[in-house]
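K.L.:
Give the three-dimensional model of this entry:
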Amino acid sequence: MSNFVNFHVLISHSPACLNRDDMNMQKDAVFGGKRRVRISSQSLKRTLRKSDYYAANIGESSIRTINLTALREQLQAQLGNKHNPAVIDQTLRLLSGRSDADFDGQDKVVGDAVTPWVVGEFEWFCKQVANANADGLDEKKLTKQLKSDVSAMQASLQQGVDVALSGRMATSGMMSEVGKVDGAMSIAHAFTTHTVDSDVDWFTAVDDLQELGSAHLGTQEFSAGVFYRYASLNLAQLQENLGGVSRAKALEIAAHLAHMLATEVPNAKQRTFAAFNPADLLMVNFSDVPVSLANAFEAPVKAKQEGFLKPSAEAFASYWNKVAKGYGLTGASAQFSLVEGTVLDGVESKATLDALKTWVRKNGEG
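P.N.:
Okay, the predicted model is just below:
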């Protein structure tokens with residue numbers, strides 16, 4: 001039974017600037033010796049976990065912060081009616097590696113790095129700390145006890161699926177010993193299938209109370225293009241990260257991931273450009289190893305009379321057919337596509353995104 005689910009997306013974005021660097025320029029990359037516009041994997045992951053779809057179908061996402069003082073206030077507000085405030089403070093100090101003195105008289109206490117905190121998981125830790133206090137266990141013995149009960153701790157991450165997907169690294173406190181998570185999802189930086197010559201928008205902000213001229217002048221780089229998005233989900237790792245949930249539960253999350261990869265778009269400059277474009281093609285395949293098809297676009301696609309989308313889909317299909325045959329990729333595969341005339345060998349065609357999601361939930365059957 002195939003362990004990896006691969007997601008391949010082609011999405012044509014109208015003029016936009018969806019991801020910027022520290023110079024306020026579009027992020028880019030050189031691939032095949034040519035410049036492509038890029039959307040970073042970090043931007044895509046945040047877009048997914050902060051989406052309304054994620055909240056409605058998967059649940060509350062983690063709180064990613066370096067500000068332990070603000071985190072403490074939020075945890076007290078959310079859990080104060082369930083746990084003694086002193087236990088909440090003690091749990092935070094133990095997990096973060098900070099002492100009582102760190103929090104005394106400090107306006108802001110920071111951690112070593114931005115870390116994802118899951119409220120449901122933190123609540124579970126509070127229970128363990130309270131029980132340890134009642135049993136007279138010190139921190140060392142509590143840590144040892146937690147290490148022996150990994151599955152219960154992992155199960156608490158079902159209230160923080162984004163951590164199970166993306167992973168977590170911790171460098172201090174008890175969290176560094178018991179809270180590390182190997183991410184089940186790998187997601188690539190999206191890039192244009194073709195070279196891009198950017199445009200620059202010269203804009204003004206007109207002052208309604210000023211008779212002539214404007215109050216502000218500025219420029220913004222932007223462009224349009226067909227992007228290839230790729231992600232791979234390790235089902236076994238996801239099951240482990242969530243405390244041994246069933247494959248069916250992991251496939252349910254995979255179906256939601258397919259939906260978000262096809263529909264969620266970063267919010268950067270969207271009030272100016274409104275590039276809310278859904279995917280034009282989404283192909284999902286099951287395999288024994290993760291398989292990216294990025295090299296379908298190592299040679300930049302050339303525009304035809306109908307634009308970049310159709311030739312991009314054709315290049316994708318051609319490369320898939322070669323890779324699937326050459327490497328014997330026989331795992332179940334299906335696609336939902338708005339691009340007509342694209343033939344992918346051994347790939348079922350689904351009429352709607354919902355039909356493709358149902359197929360994923362059924363383990364690539366039906």
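K.L.:
What pLDDT does the model give the closest residue to H8 other than its chain neighbours?
P.N.:
The shortest distance from H8 to any residue other than its chain neighbours is 4.4 Å, reached at M283 (C-beta to C-beta, 6 or more residues apart in numbering). Using the backbone N, CA and C atoms, a C-beta is placed for each residue, glycine as well. Note on M283: pLDDT of 98.
K.L.:
Identify, among the helices and strands of this structure, the element with the weakest mean pLDDT.
P.N.:
Using mean pLDDT, DSSP states H and E, the weakest-scoring helix or strand in the chain turns out to be helix 100-103, at a mean of 81.
K.L.:
picking that back up, and what about the residue nearest to H8, helix, strand or coil?
P.N.:
Look at M283: counting by DSSP: H, G, I helix; E, B strand; the rest coil, its state is strand.
K.L.:
still on that earlier bit, now the following helix or strand past the least confident helix or strand of the chain: average pLDDT?
P.N.:
Per DSSP states H and E, the first helix or strand lying C-terminal to helix 100-103 is strand 110-117. For strand 110-117, mean pLDDT is 91.
K.L.:
Strand 110-117 pairs with which strands, parallel or anti?
P.N.:
Applying DSSP bridges, strand 110-117 is found paired with strand 63-67 (antiparallel).
K.L.:
immediately after the partner strand, which helix or strand?
P.N.:
With DSSP H and E, the next secondary element past strand 63-67 is helix 68-79.
K.L.:
Please identify the buried residues of that following helix?
P.N.:
Buried residues in helix 68-79, counted by 16 or more other C-beta atoms under 10 Å: L68, L71, R72, L75, Q78, L79.
K.L.:
Out of these, which is nearest to Q42?
P.N.:
Closest to Q42 out of the buried residues of helix 68-79 is L71 (20.5 Å), distances taken as C-beta to C-beta.
K.L.:
Any figure for the gap between that closest one and I88?
P.N.:
11 Å (C-beta to C-beta, to the nearest Å).
K.L.:
before we move on, what about P266?
P.N.:
According to C-beta to C-beta, P266 and I88 sit 34 Å apart.
K.L.:
Can you tell me which residue sits nearest the middle of this structure?
P.N.:
The chain has K45 as the residue nearest its centroid, 2.2 Å off, counting by C-alpha atoms, centre = their mean.
K.L.:
ok, and the closest non-adjacent residue to it?
P.N.:
With sequence-adjacent residues excluded and distances taken as C-beta to C-beta, 6+ apart, K45 is closest to S166, at 5.7 Å.
K.L.:
That neighbour contacts G183, doesn't it?
P.N.:
Yes - S166 is in contact with G183 according to C-beta atoms under 8 Å; the separation is 4.8 Å.
K.L.:
Could you identify the helix or strand that succeeds the longest strand belonging to the chain?
P.N.:
Counting by DSSP state E, the longest strand found in the chain is strand 214-234. Per DSSP H and E, strand 214-234 leads on to helix 235-241 as the next helix or strand towards the C-terminus.
K.L.:
Buried residues, the helix or strand following that following helix. List them.
P.N.:
Moving toward the C-terminus from helix 235-241, the next helix or strand (DSSP H and E) is helix 247-263. Neighbour-count burial for helix 247-263, with 16+ other C-beta under 10 Å as criterion, is recorded at 250-263.
K.L.:
Partner strands of the helix or strand encompassing V200 and their direction?
P.N.:
Assessed by DSSP H and E, V200 sits inside strand 199-206. Its sheet considered, strand 199-206 pairs with strand 214-234 (antiparallel) by DSSP bridges.
K.L.:
what about the partner strand, average pLDDT?
P.N.:
What strand 214-234 shows for mean pLDDT is 94.
K.L.:
likewise stretch 325-333?
P.N.:
Rounded mean pLDDT across stretch 325-333 is 96.
K.L.:
List the contacts of that stretch.
P.N.:
With C-beta atoms under 8 Å, 6 or more residues apart in numbering as the test, stretch 325-333 has contacts from 2, 283-288, 291, 323-324, 344-348, 363-365.
K.L.:
Could you tell me which residues within it count as buried?
P.N.:
Neighbour counts over stretch 325-333 (16+ other C-beta under 10 Å) mark L329, G331, A332, S333 as buried.
K.L.:
sorry, back to before: would you turn the buried residues of helix 68-79 into a markdown table with pLDDT and distance to A296?
P.N.:
Output for the buried residues of helix 68-79, formatted as a markdown table (pLDDT from 0 to 100; distance: C-beta to C-beta, whole Å):
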| residue | pLDDT | distance to A296 |
| --- | --- | --- |
| L68 | 95 | 45 |
| L71 | 96 | 43 |
| R72 | 94 | 49 |
| L75 | 96 | 46 |
| Q78 | 94 | 46 |
| L79 | 94 | 48 |
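K.L.:
Let me know the closest of those residues to A299.
P.N.:
Set against A299, the nearest of the buried residues of helix 68-79 by C-beta to C-beta is L71 (47.8 Å).
K.L.:
Spatially nearest residue to the closest one (excluding sequence neighbours)?
P.N.:
Nearest residue to L71, sequence neighbours excluded (C-beta to C-beta, 6+ apart): T65, at 5.4 Å.
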